[in-house]
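Q: coords please:
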Amino acid sequence: MPGVPIKSSSNPNQSRVNLLDFSHWGCAVRRDVDFYDVDAQTVVPIDSVSGGLASSYLFYFVAGVQVWNESSPSGSYMSNLATATDS
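A: Residues are numbered from 1 along each chain as shown. Modelled structure (predicted):
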């Protein structure tokens, strides 16, 4: 497929190839990625098994994003492809 740009995944499915035309995709951002906070606190303590507080904390990232494809027929995929096996 000459002239088709390739984007690889860090965890690819070796038996599938996705063909996406990103010119038909869009993204609307309602809230940028940021820390979740309650009363200016971004770190949340964790309860331990005994009912007290554990010696660790949690924090969360939140975002408000909507992704769409205005022309789904412009993409395609091939699945159940043969894969190389170790001999």
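
Q: now the strands for this structure?
A: Here the chain has its strands, by DSSP state E, at 17-19, 25-35, 44-47, 53-58, 61-69, 76-78.

Q: Run a quick neighbour tally on Asp32.
A: 9 (other C-beta atoms under 10 Å). Bear in mind the C-beta positions are built from the backbone N, C-alpha and C, glycine included.

Q: Of all the strands of the chain, which one comes closest to Pro5?
A: Among those, the nearest to Pro5 by C-beta to C-beta is strand 17-19 (11.0 Å).

Q: For the nearest residue to Ser74 once chain neighbours are set aside, list the residues it contacts.
A: The spatial neighbour of Ser74 that comes closest, neighbours along the chain excluded (C-beta to C-beta, 6 or more residues apart in numbering), is Asp21 at 4.2 Å. Neighbour list for Asp21: Ser71, Ser74, Gly75 [criterion: C-beta atoms under 8 Å, 6 or more residues apart in numbering].

Q: Now Asn69: closest residue in space that isn't a chain neighbour?
A: Nearest residue to Asn69, sequence neighbours excluded (C-beta to C-beta, 6+ apart): Trp25, at 5.3 Å.

Q: Surely that neighbour touches Val67?
A: Yes: using C-beta atoms under 8 Å, Trp25 is in contact with Val67, at 7.0 Å.

Q: of those two, who's got more company?
A: Between Trp25 and Val67, counted using other C-beta under 10 Å, Trp25 has the larger neighbour count: 14 against 8.

Q: Which pLDDT value does the model give the residue nearest to Ser74?
A: Looking at Asp21, its pLDDT is 87.

Q: same question, the one 4 residues further on
A: Looking at Trp25, its pLDDT stands at 93.

Q: Can you pull the poorly scored residue ranges out of the protein?
A: 1, 86-87 (pLDDT under 70).

Q: repeat that with 90
A: For the chain, applying pLDDT under 90 flags the ranges 1-14, 18-22, 37-41, 44-57, 72, 74-75, 83-87.

Q: Thanks a lot, see you next time.
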